[in-house]
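Asker: Just a sequence and a predicted model for now, questions to come.
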Amino acid sequence: MYLCSPDRMFKSCKPSQENQTFAAQLRTGCNDFTGVKYKPTCNDPCVSMKRIILCTVIMLVASQWKAFAQDPTFTQFWAARTYINPAFAGADDGIRIHGNYRNLWTSIPGDFSTYAAGFEVGNPSLFGGIAFQAVVGNEGEGQLQTQRYSLMYSYRLIVIPRMFDIHFGVDAAYMSKQIRDWDAFVFSDQLHPIYGNVNPSNVTRPDRLKVEMPDFNAGLLARFNFMPGKGKAKTRKVIGNTFGFAAHHVTSPNESLTGRTEKLPVKFVAHYSMMIPVNKKRVKHPVYISPNLMYEYQKNLSTMNFGLYAMREPIMLGVWYRSEMRFDIYQYDAVMFNVGVRGEDRRKTFMYQIGYSYDLTISKLAGATAGSHEIALTMEFRTRSKTKSRNARNRARNCYNFNGPKSMPKVF
């Protein structure tokens, strides 16, 4: 879902001064739409006219609400990890390819979907890793589209060999937002109560339908093992930890389509996860639990995601909860359910992981959304460094090691 998603924009998102001016040009018969928050009702013509006009399209495209300035996010964070934090780029040696598809609120008319795909390369000769990622988001019948294509580099600092690594990542991207077909929109002043869409519209077409901008992210990542208790190291449990922090849109690029100044707000992300073995003794197929936490803050909106995975190779099950950071029962957003499976070839040089998640909406719109669906796929190709550099070989041996089965499903 979107950090400022359609379920929250009725009560959280306010139009900017530019958007109010643009919205005031609408001659609307659907409540007051001249700079005041729009609240559709069951008797509203915008809702009942066989989906000829979507109130969300009017709000999202014609008015350029501030909801546009909020980033989409994925439920299966582990698959699109470089989208969360560029310091993940090439964090594991070898080649990693990922793809995500998210469909938000399937019962609501319009296309609110997000696609992400990318690859990473981790190599000791690079002192870290590089990555490429493409993210495309559609909003409102697909007429408003956001595209972002980024290149990343992450530097790895080995603090304690095989036990503690720190990664520093940067992300440089080309980003665009565009209205793909202005003529496809039907505005409220075009609608006749009996004959439907028969009138011309007085809505002024924007000077440009596409805006392009550079965009930059930066992140920090720490991965370390912790062995509680006493005794020999070989018999003690090893708990894997991953902690990260990232800042997105650090230069706040201007995303206005009308020539004014509408800065894309900086987004901050903090995340933490653990891999805790459950078995008291070493077994062939150990069971792990993985508590996870992710906090997002952008402009005046903040979201807390926390949940738990249970894993026994090759299966993963998870339950998450998402909420706005307010002490109000109506700010609860969704409960998220995850299931995944991981496999590998006989030589264990190729591994794949497939995941599915369903977001059960528990906000005020719980009965009207049918939830959200997401599919994720990751593929990993393990390669051995053939470099002749002794330092590179030493770095490869001393990189952080999870110390668990390689076939265990990955969550960060």
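Answerer: All right, it came through fine. Everything numeric in this text was worked out from a predicted model, so none of it was measured. Residues are numbered from 1 along each chain as shown.
Asker: List the contacts of Leu151.
Answerer: Ile130, Ala131, Phe132, Asp171, Ala172, Ala173 (Cβ atoms under 8 Å, 6 or more residues apart in numbering). Heads up, the C-betas are built off the backbone N, CA and C, glycines and all.
Asker: distance of Pro265 from Asp71?
Answerer: Pro265 is 9 Å from Asp71, where distance means Cβ to Cβ, to the nearest Å.
Asker: whoops, I mixed them up, Trp182
Answerer: Going from Trp182 to Asp71 by Cβ to Cβ gives 24 Å.
Asker: So which of these two has more stuff around it?
Answerer: Asp71 (21 against 13; other Cβ atoms under 10 Å).
Asker: still on that earlier bit, list buried members of the contacts of Leu151 by neighbour count.
Answerer: Ile130, Ala131, Asp171, Ala173 (16 or more other Cβ atoms under 10 Å).
Asker: ok, so of those residues, who is nearest Glu324?
Answerer: Asp171 (26.3 Å; Cβ to Cβ).
Asker: got a list of contacts for stretch 155-164?
Answerer: With Cβ under 8 Å, 6+ apart as the contact definition, stretch 155-164 has outside contacts at 91, 127-129, 165-169, 222-225, 395, 397-401.
Asker: What subset of those residues is buried?
Answerer: Those of the contacts of stretch 155-164 that meet the buried threshold are 91, 127-129, 165-169, 222-225, 395, 399-400, by 16+ other Cβ under 10 Å.
Asker: picking that back up, tell me which entries of the contacts of stretch 155-164 lie within strands.
Answerer: Gly128, Gly129, Asp165, Ile166, His167, Phe168, Gly169, Ala222, Arg223, Phe224, Asn225 (DSSP state E).
Asker: Report the two of these separated the most.
Answerer: Using Cβ to Cβ, the two most remote members of the ones in strands among the contacts of stretch 155-164 are Gly169 and Asn225, lying 21.0 Å apart.
Asker: Give me the helix or strand of the protein that scores worst on average pLDDT.
Answerer: Sorting the helices and strands of the chain by mean pLDDT, DSSP states H and E puts helix 6-12 at the bottom, at a mean of 34.
Asker: okay, the closest residue to Thr258 other than its chain neighbours: pLDDT?
Answerer: In this structure, Thr258 finds its nearest non-sequential neighbour in Pro206, 5.4 Å apart by Cβ to Cβ, 6 or more residues apart in numbering. Model confidence at Pro206, given as pLDDT, is 79.
Asker: And Pro206, its phi and psi?
Answerer: Main-chain torsions, Pro206, degrees, to the nearest 10: phi -60, psi 160.
Asker: With Ala87 instead?
Answerer: Backbone geometry at Ala87, expressed as degrees, to the nearest 10, gives phi -70, psi -10.
Asker: ok, it touching Ala246?
Answerer: Yes: with contacts counted by Cβ atoms under 8 Å, Ala87 reaches Ala246, the gap being 7.1 Å.
Asker: okay, and the common contacts of the two?
Answerer: Counting by Cβ under 8 Å, 6+ apart, the contacts common to Ala87 and Ala246 are Gly169, Gly219, Leu220.
Asker: And those residues, which is closest to Thr75?
Answerer: Set against Thr75, the nearest of these by Cβ to Cβ is Gly219 (20.0 Å).
Asker: Run through the helices of the stretch 51-200 of the chain in chain order.
Answerer: Taking DSSP state H, counting those that start in this stretch to define them, one finds helices in the stretch 51-200 of the chain at 55-57, 81-84.
Asker: Could you tell me the least trusted of those helices?
Answerer: helix 55-57 (a mean of 42).
Asker: Now do the shared contacts for Pro265 and Asp71.
Answerer: With Cβ under 8 Å, 6+ apart, Pro265 and Asp71 have common neighbours Gln298.
Asker: who are the neighbours in contact with His192?
Answerer: Contacts of His192 (Cβ under 8 Å, 6+ apart): Val198, Asn199.
Asker: any idea how far it lies from Glu120?
Answerer: Per Cβ to Cβ, His192 is found 55 Å from Glu120.
Asker: Pull up the per-residue confidence for the residue nearest the centre of the chain.
Answerer: Among the residues of the chain, the one closest to the centroid is Thr73, at 2.4 Å (Cα atoms, centre = their mean). pLDDT for Thr73: 84.
Asker: and if you look at the one 3 residues further on?
Answerer: In the prediction, the pLDDT value recorded for Gln76 is 90.
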